[in-house]
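A.B. asks: Sharing a model prediction with you, sequence too.
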Amino acid sequence: MNCSQLCEPTSDKGGHHCACYSGYKLTSDNKTCLAYARIHYVGSIKLKNPSFDPSTSNKSSIHYIQLKKKLETDLNLLLKKEVEEVQNLTILNFLPGGVVEFHFFGNLHDSDVTRQILTESARNGFIGDTKVFSDFIRFESEPALNLQTVYPKEGPISFQGKAVSFACVAKGTSAMRFRWLKDGVAINSHMSNHHIWEGRVPKNTRDEYTAVLMIDKVQTQDSGKHVQESSTYSKLRCTFICEVSDWEEVQRKSFSFFVMTPPTVNLTPLTRTLNENEELTIMCQSEEDIQGLFGYSWLKDGHVLNPSEGYELVEDLYPTGIRMKIIKASVTSVTYTCIVSNRAGQSKELSQVIVIPASYPTCPQETSLNVSWQRTAVNCEDIQPCPNSHRGNTRRSCSMVDHTASWEEPNFSDCTRTEFVNILKRFANLKVGFMATNVTEVLSNVLVLLKRVRLTIYPGEAMGYLDLMEDILNYQTIYPEKNRLLRIRNLQLMFDVMNFLLNSSRALNTLEMVNQLQRKLQMQVRHMADALPNNVSSRTEFRSDFVAEAIKISTDGTHTFISPSNNSIESSSWLTDYMVISTDTKHLALSNLQDSNSSVELAVIFYRNLSSFLPRRYLSKKEDGVSIEFAIDSRLVSISAHKGYLGLANASARISLTFDHRNSPERSNDLNFTGWNVSCGRLVDFVVNYKSPQWILSACNITTANETFTICQCDRFGTYAVLVTNYNVQKEDNFEFGFDLVISICCVVSLISIALAAISVTIFSRKIQRGILMLKFQIFFGFSGSFVSFLIASRSSLDVEWYPFIATALEFFLLLPYSTQVCLELMIYLEITHSYQVQNARAKIVLISWGIPILVTGATMAAQSQSGFDFLIWWIQFGDVYFYGFIITVIILNLLYIALYLIVSAELRHIKMDKSTNGVKSYNCHLLYRCLMVQLFIINLTVSAILHVNIHQKPIRYYFLTSIILAGFFTFLLYGVDFSWVSCSDNKPKEQLEQNELLARTGDLSTLHKANCIEEYILSNSIHDGSVCRKKRKSKDKMKSREVEDLLPDVTANQISKIRADEEEKLRVEEKIEDNVLMGDGYIHLVSYEGSPKKFSQTDKRVSFSPTVMMSQCFDEIKGKQMHLKPDPGKCYIRDTRQHPPPLPPKLSSAKRNSFVHEVPEPIPLLHRLQQNVNYRDAYAVEDKHDDADKVNKNQVQSVVNRLNVTQDE
C-alpha cells in the first residue's frame, strides 16, 4: 500500500480509504499522509528604484498604503500558485534602502517550495510587476504558535499555606508572549503584596518555551468558590488560564486548581453566665463536614478534657458535630475550646462559662438591635453572633452604674455586612495581583453601600471601613497610580467615605475609632498634597463635616500662609475659624529630611463635629495636686507636617489660631461656664490611652479671648481646641522653639563648673598621678555629656524621633561616671598596695572604665530593637527595656563601689603605723573620701532625672534642677579644687608615691639617704651565681636620673668635714644587734669606717637592702654617671661582694687595713658570720624587709656580741 499511515479497504474493488494520524495531513491522492505543522515564514526583498522612500513616509499617506497593499497582493498571488496554504501574509516594515520585510504562515512541508518560488522571482527582478534587486533575498522560518500543555507541577490540589507552581509549554516564534489569568482575570505579579513570580525558561531542543507561575504561599485569595469535591474536604476551586499570543494569533489552555482550607467552627454559646449547680449544653459543628469525617476534640482551660473527672458529658452528633453537656456548674469560671481538624489543618473556637453566686448582680436578658443578649454578670461581656445580614460576632459589656447592673452600648466593630465582605474579597484579590477590580471601583462600591445602609448602620460598624481605608492608602503608597487625575479622584472618594462616617453618630462609638479616623484623614490629605502638580501649591476639599486643605511648601526657608484660603472660607457656610502658619522648613525638617531640596506637605483639617465624639468635660490634676475641671468650647483644628511618608510629629512652627465662637455648636446653654478661664489645649496621648484623651492646657498663649474670638499662639503642630477651665492656666516662658529656660540655665551653669574643674586639674596635673588624672577627666566628660543631653531635651518642641538618641546618650554619659568611680577606687588600691606586677595596670583600668558603659549601652539598644524605638519620653520610662538595663547596671556598679570602698579603707587603716607611707596614706584618704561624695551626687542626679521625666510634679522638677546645680558645683569643688596632695605629715607626696613605686620594683634604697659612707655586704643563701645579681643591677640601672636625684638629700661639704673630724678624734666600737633579727636569705653585714657611731645608730637602726648588690650613696662606676656624681675614691666604694672583695678605706693605716676581710665566704648562718668578722669596727645585723625567716634567740646574739668585745680588748 502507498498509505503512509492507516488505510482500510472500501467496498469498491481495490479501493482503500486512508486516515492520517494527528499531526499529518492527507494529500489530494487520498493515499499519502504528509507531516502537517504550521510554520512562520519571514522574508525580505529590496525594491529597485522606488518612486519614493517608504521608510520615511507617513504610514497614513495614500502612497504608502497603496504600495503596501500592492506588495501584499503580488506576494499572495506569487505564492498561492504553487503553495497550498498561505495565511496572514503581511508587510511588516519598510527599512531604509528600499528593504521590505514580510511574513506569513504556512505548512511545514511547503517550506522548500516557498523558498524556491521567492528565490526565482527575485532573480528575475520582479515580484509581480514591482522591480526588485535580483541579488537580495532573505527567507527564514520558525515554528508557528502551538500551545501544547499547561499544568500545576505539584498537582491540582494544594493545602493552604503551601508553595505551588504552574507551567505552560508552547512552541512559537521569539516574539511569543505569555500571560496568566485566574478565573478570566489577568494576574499582575508586579503589583502583588505576597510572593508571586513569573518566569520564562529558554527554548529547549524541541523548540519549546516554558512559562512558570509560582506562588510562595497559597491563600484563600488564590482560590475561587467553595466546592465540595468529596466527603472529606472543603475545597476552594478556581481556574488558572495560560494565554499565549504570537503575532496576531492567540491560544489559551486552562486547568482547575483546588485549595484545601482548614474547617470553620460554629460554637454556641460563646459566653454564658450560670448560677451554681445549673446546666448548660455547648454545641460545636462545622458547615463543611457533610459526611462527618472531621475530627473534634475539647479542651478545658487549655488542657484536654477528661469527662470522667468532672461534671461534663461529651456526645457525638449525627451526621456531623459534637456537643458537651455541663451537668452541674461549680463556682469556677471555665473556658472550653472546641477544636475541629482535617487534612488541611485545624480551627478552634472558645466558649467562656462564668459561674457566679445567686446574689451576684447581673444584667438581664433582652433583645436589642436584632441580637438576643443573655444574662451576664457585672464586669463581664456577652458575645453573640452578628445579625443575619452580617458576619462575625458582636459584644456587649455589663457594668455597675449607681449600684445597679446595666448594659453598655453594643460593639459591632467585628461585624461585617455580607455586601461589604464581597467588596473586601475583591480588594484582597487586587492586592495579591488578580486585577479583577481597581481602587476606584472598590471605593465607589463602598460609598454606594454606605449611602444605602446609613439608616441601619450599627454602633462601631465603622471599624471595618476605617481598616479598608488604611489598606487602600498603603496599597497606593506601594503602587501609586500613574494617572494623577485618577489619584485625586480616588482621594476624593475616600474623603466622601470619611465624611459619611463623621456624619453618622452611631458608626464611631469608641475613642480608638475617632483616633484612627483622624489619623487616616491626615494621611489622605498628605496623599492629596503629594498628588498636586508642580505648579500647584495647595488644594482644598469641602465636605459637610470637615474642610481639608493640602499644602505643599518647599524647604528653602520661612513660609507664612493662611489656612484655609479666602475662597475656602467663602465656600463653606459653617467654617469661620482660620489659622496663620509661619514655619522655617529648614529648621522644621533639618533632622528628618534626606533630600533638603524636596517639599514638605502640610495637612490642615477643620472639623465641624469631631468634638461630639469626645467627652465634653474632663478632670485632671496639676503638678501641685490641684484638680482642674475643663471642657471643650470650640471646634477642633488639626495641622500636621509630613516629608514623603515620614510624619514630622512634634515639629516646631509658629501657629496663630483664631476661633470664631459666633457659629460654634459647642457654645450651648446647657452648660454654664460663667467665671471660668479660657485656655488653648493640644490633644495628646490619643493613641496610648483610649479611655480618655489627654490635653495639654499650657500648650499655647492666648492673645485675645472674648465672647466672639479666641486667638491662640502655639509653637508646634498638633490638634487644638479652646478649653474653658476652672483654674487659671499660664504658659511657661520658653525660648524660641520651646527651650525650658530654667533647665537650660541650670545645665549651662553646671557645664561652666565642669569646665573650671577641668582647667584646674590641668594646671595641677604634674602633681597628680597620671592614671587618676585620666579618670578625673572621664568623670568630667560624663557629666558634660549628661548636661548637654538635658539641655537638648529641655526643648519642648523636641521631635519624638529624637527620644531614642537622647535616652541612649544619657544612659552612656550617666553610666560612665559610675564605672569611672569604681575604677578610681581600683587605682587607689593599686597605689597603696604597690601592686605593679601586672604590666600597664593603669591603662587597663582606664579601658575597663570605658568598656562597661559601652557594652551596657550596646546591649540595651540590641534588646530594645526587638520591640522598636517608639519612645514616649526622652529618658527611660518605668518598665521599659532601657529602664531595667540602666537600673540593674547602676545597682551592680554601686555594690562594687561599696565593696571596693570597704577594702581600700581597711588597707589604709592597715598602713597607719608605717611612717614611711604617711604621705601616701594622707593623699589617698583625701581622694577616697572625695570620691565617695561625688558618688552620692551622681546617684542623686540619676534618681532626679528618672523621676523628672516620669512624674510631672513641681517638687520633682525643683529636685531635678537642684541636682543638676549640685552635681556640677561639687564636682568642681571635690575634683577640681583638690589640694589633697598637700598631706599632713609630708610635703612631698608625689615624691613619696614615686619612691614607693620604685621600692616595689627595685627594693629598699634607704642607704641613699645616709650622709655617711657605708659599705654593705649583701649575702644571700639563695644566690649561688651572679645571674640574679646582674638582673637586679640592670633593673636598677634603668631608673631615671630624675627619680634618683629626687631621693638624694642635700648634704653640704661642711657637714661631711665635721663628721670626718669627729671620727678622727675618737673611734670606738659600738656593737648593737636588733632585738628581732631574721635568719634565712638576705642577711646584710654593714661596716662603717666614717661618721659618728652615735649619730649613725640614731638615724639608721633598721635598714633593709636588696639581697644582690652592695650599694653606696657616693659613687659607683656605672651609676655615678646616672646620678651626675664625680668619683671620689677617698670617701666610699660599692662593689658586688660576691665577685670582688671590698676595697679598704684609703685613710686607714696598713694595720687597720689588714684587719678587714678581703674575701667574702660562702653564705653561712648569722652567728658564724659574726665570728669571722670580729675585726670589723661596727657590726650590725639587719633583716631584709622581703625575707620571712625565723627569729634568732636574742640571748644567743647578745652572747656573740660580748665575745666580740672581749676579743677586741685583748
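C.D. replies: Ah, there it is. Numbering: from 1, shown residues only.
A.B. asks: And the closest residue to G125 other than its chain neighbours, what's its pLDDT?
C.D. replies: Spatial nearest neighbour of G125, chain neighbours left out: S134 (5.0 Å); criterion: Cβ to Cβ, 6 or more residues apart in numbering. The way it works is simple: take the backbone N, C-alpha and C, and place the C-beta from them, glycine included. Per-residue pLDDT puts S134 at 87.
A.B. asks: List the strands paired with the host helix or strand of S134, with their directions.
C.D. replies: For S134, the host element (DSSP states H and E) is strand 130-143. Strand 130-143 pairs in its sheet with strand 38-47 (antiparallel), strand 126-127 (antiparallel), by DSSP bridges.
A.B. asks: domains of this structure?
C.D. replies: Annotated domains of the chain cover 37-41+48-89+106-137, 146-260, 536-732, 739-976 [the TED database].
A.B. asks: Just say which of the strands paired with strand 130-143 is most tucked in.
C.D. replies: strand 38-47 (a mean of 20; mean count of other Cβ atoms under 10 Å).
A.B. asks: Name the next helix or strand downstream of that one, please.
C.D. replies: Following strand 38-47 toward the C-terminus (DSSP H and E): helix 62-80.
A.B. asks: Enumerate every residue touching the residue nearest to G125.
C.D. replies: 122-125 (Cβ atoms under 8 Å, 6 or more residues apart in numbering).
A.B. asks: ok, now T942?
C.D. replies: Per Cβ under 8 Å, 6+ apart, neighbours of T942: 814, 890.
A.B. asks: From L815, how far out is it?
C.D. replies: Distance check for T942 against L815: by Cβ to Cβ, to the nearest Å, it reads 9 Å.
A.B. asks: Any chance you could list residues touching both of those two?
C.D. replies: What both T942 and L815 touch, as defined by Cβ under 8 Å, 6+ apart, is the set V890.
A.B. asks: which stretches of the stretch 801-950 of the chain aren't confidently modelled?
C.D. replies: In the predicted model, the stretch 801-950 of the chain carries pLDDT under 70 at residues 801, 834-838, 867-868, 870-872, 877-879, 911-923.
A.B. asks: Mind doing that once more with 50?
C.D. replies: Low-confidence segments of the stretch 801-950 of the chain, defined by pLDDT under 50: 913, 915.
A.B. asks: Sketch out the helices for it, chain order is fine.
C.D. replies: For the stretch 801-950 of the chain, the helices defined by DSSP state H, counting those that start in this stretch occupy 803-833, 841-864, 881-910, 918-950.
A.B. asks: could you give the angle of the last one to helix 881-910?
C.D. replies: When you say that, I think you mean helix 918-950. Angle, helix 918-950 to helix 881-910, by axes from the mean of the first three to the mean of the last three Cα atoms, to 10 degrees: 160 degrees.
A.B. asks: CA atoms only for the helix or strand following helix 918-950 - export them in PDB, please.
C.D. replies: Next in sequence after helix 918-950, counting helices and strands by DSSP H and E, comes helix 954-971. Provided in PDB are the C-alpha atoms of helix 954-971 (Å, rounded to 0.1, in the frame of the first residue of the first chain):
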ATOM      1  CA  LYS A 954       6.700  70.700  90.700                       C
ATOM      2  CA  PRO A 955       8.600  69.300  93.700                       C
ATOM      3  CA  ILE A 956      10.200  66.700  91.400                       C
ATOM      4  CA  ARG A 957      11.100  69.400  88.900                       C
ATOM      5  CA  TYR A 958      12.700  71.500  91.600                       C
ATOM      6  CA  TYR A 959      14.600  68.400  92.900                       C
ATOM      7  CA  PHE A 960      15.900  67.800  89.400                       C
ATOM      8  CA  LEU A 961      17.100  71.400  88.900                       C
ATOM      9  CA  THR A 962      18.800  71.300  92.300                       C
ATOM     10  CA  SER A 963      20.500  68.000  91.500                       C
ATOM     11  CA  ILE A 964      22.000  69.500  88.300                       C
ATOM     12  CA  ILE A 965      23.400  72.500  90.100                       C
ATOM     13  CA  LEU A 966      24.800  70.400  93.000                       C
ATOM     14  CA  ALA A 967      26.400  67.800  90.700                       C
ATOM     15  CA  GLY A 968      28.300  70.500  88.700                       C
ATOM     16  CA  PHE A 969      29.300  72.600  91.700                       C
ATOM     17  CA  PHE A 970      30.500  69.800  94.000                       C
ATOM     18  CA  THR A 971      32.300  68.100  91.100                       C
END
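A.B. asks: Show me which residues of helix 954-971 are buried.
C.D. replies: 956-957, 959-961, 963-964, 966-971 (16 or more other Cβ atoms under 10 Å).
A.B. asks: Likewise for stretch 261-281?
C.D. replies: For stretch 261-281, using 16+ other Cβ under 10 Å, the buried residues are 261-263, 265, 267, 269-275, 280.
A.B. asks: gap between the two ends of that stretch?
C.D. replies: 28 Å (Cα to Cα, to the nearest Å).
A.B. asks: re earlier: mind checking which of the helices of the stretch 801-950 of the chain is nearest C747?
C.D. replies: helix 918-950 (11.5 Å; Cβ to Cβ).
A.B. asks: returning to what we had before: please pull up the helix or strand immediately following the strand holding S134.
C.D. replies: According to DSSP H and E, the helix or strand after strand 130-143 is strand 146-152.
A.B. asks: who touches that following strand?
C.D. replies: 37-38, 158, 164-172, 208, 240-242, 244, 251-255, 257.
A.B. asks: try it again with 10 Å
C.D. replies: Residues from elsewhere that reach strand 146-152 (Cβ atoms under 10 Å, 6 or more residues apart in numbering): 37-38, 158, 164-172, 176, 178, 180, 206-211, 213, 240-244, 246, 249-258.
A.B. asks: Give me the subset of those that lies in strands.
C.D. replies: 38, 158, 164-171, 178, 180, 208-211, 213, 240-244, 246, 249-258 (DSSP state E).
A.B. asks: From S389, how far off is V421?
C.D. replies: With Cβ to Cβ as the criterion, V421 and S389 are 11 Å apart.
A.B. asks: D316 now?
C.D. replies: For D316 relative to S389 (Cβ to Cβ), the value is 33 Å.
A.B. asks: neighbour count winner among these two?
C.D. replies: More crowded of D316 and S389, by other Cβ atoms under 10 Å: S389, with 14 against 11.
A.B. asks: need the contact list for the more buried one.
C.D. replies: 370, 415-419, 453, 456, 458.
A.B. asks: at 7 Å what do you get?
C.D. replies: 417-418 (Cβ atoms under 7 Å, 6 or more residues apart in numbering).
A.B. asks: can you tell me how far it sits from R543?
C.D. replies: 28 Å.
A.B. asks: same thing with V355?
C.D. replies: 51 Å.
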